[in-house]
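Q: Here you go, sequence then predicted model.
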Amino acid sequence: MQVKPKHLIPLRDMVVVLPVEEPTQTPSGLHLPERRQEEPATLGIVESVGPGYWEEAQFTPTRLVAGDMVLFAPFAGLRWQNPITKQSYVILRERDIHCAVAEDESEAKRLMQIHETRERKGENDGDSD
């Protein structure tokens with residue numbers, strides 16, 4: 001039986017990231033050293049996120065949302081390539097993501113509002129029985 005994965009649905013606090021391959025040369029045309037090119041991508045776009053996780057009877061929601069650009073450690077998480085589409089993904093815990101990346105100040109404010117709202121919602125969810 002051949003499995004044909006179409007969607008990755010993360011569980012708990014897992015995040016599916018589409019890595020953004022870094023360029024092999026600088027904007028001015030200088031080629032980057034091969035060693036630098038061999039390191040895995042550390043920048044990516046969030047494809048999907050799990051709902052969050054329970055710890056000591058308190059629910060902590062995932063703060064990232066699909067479409068966020070993020071930075072993560074080069075060897076963090078599980079790297080997986082879809083055998084059908086050949087698209088590569090990184091599947092990692094939210095805590096292994098170092099930060100979200102904003103293009104400008106207005107996007108930074110938007111990201112902060114989303115994350116603050118989700119944090120408050122998680123605090124309220126953990127108190128109710």
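A: Arrived safely, thanks for sending. Since we're looking at a predicted model, the values are computed, not measured. Numbers count the residues shown, from 1 in each chain.
Q: what's the helix or strand for residue 109?
A: Here residue 109, judged by DSSP states H and E, is contained in helix 105-127.
Q: Give me the mean pLDDT for that helix.
A: Per-residue pLDDT values across helix 105-127 average out to 64.
Q: now stretch 18-37
A: Per-residue confidence for stretch 18-37 averages out to 70 on the pLDDT scale.
Q: Stretch 52-59 too?
A: 87.
Q: Could you work out the end-to-end span of it for me?
A: Terminal residues of stretch 52-59 are spaced 7 Å apart (Cα to Cα, to the nearest Å).
Q: what about that stretch, distance to the chain center?
A: Distance, stretch centre to chain centre, for stretch 52-59: 20 Å (Cα atoms, centre = their mean, to the nearest Å).
Q: list the buried ones in that stretch?
A: Along stretch 52-59, the positions that meet the burial threshold by neighbour count (16 or more other Cβ atoms under 10 Å) are 52-53, 59. C-beta: built from backbone N, CA, C; applies to glycine.
Q: Please apply the same query to stretch 66-77.
A: Judged by neighbour count using 16+ other Cβ under 10 Å, the buried positions of stretch 66-77 are 68-70, 72, 76-77.
Q: for stretch 88-97, same thing?
A: Neighbour counts over stretch 88-97 (16+ other Cβ under 10 Å) mark 88-94, 96-97 as buried.
Q: any chance of the residues you listed in a markdown table, plus secondary structure and pLDDT?
A: Putting those into a markdown table (DSSP: H, G, I helix; E, B strand; the rest coil; pLDDT from 0 to 100) gives the following:
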| residue | secondary structure | pLDDT |
| --- | --- | --- |
| 88 | strand | 88 |
| 89 | strand | 91 |
| 90 | strand | 91 |
| 91 | strand | 92 |
| 92 | strand | 93 |
| 93 | strand | 92 |
| 94 | helix | 89 |
| 96 | helix | 89 |
| 97 | strand | 89 |
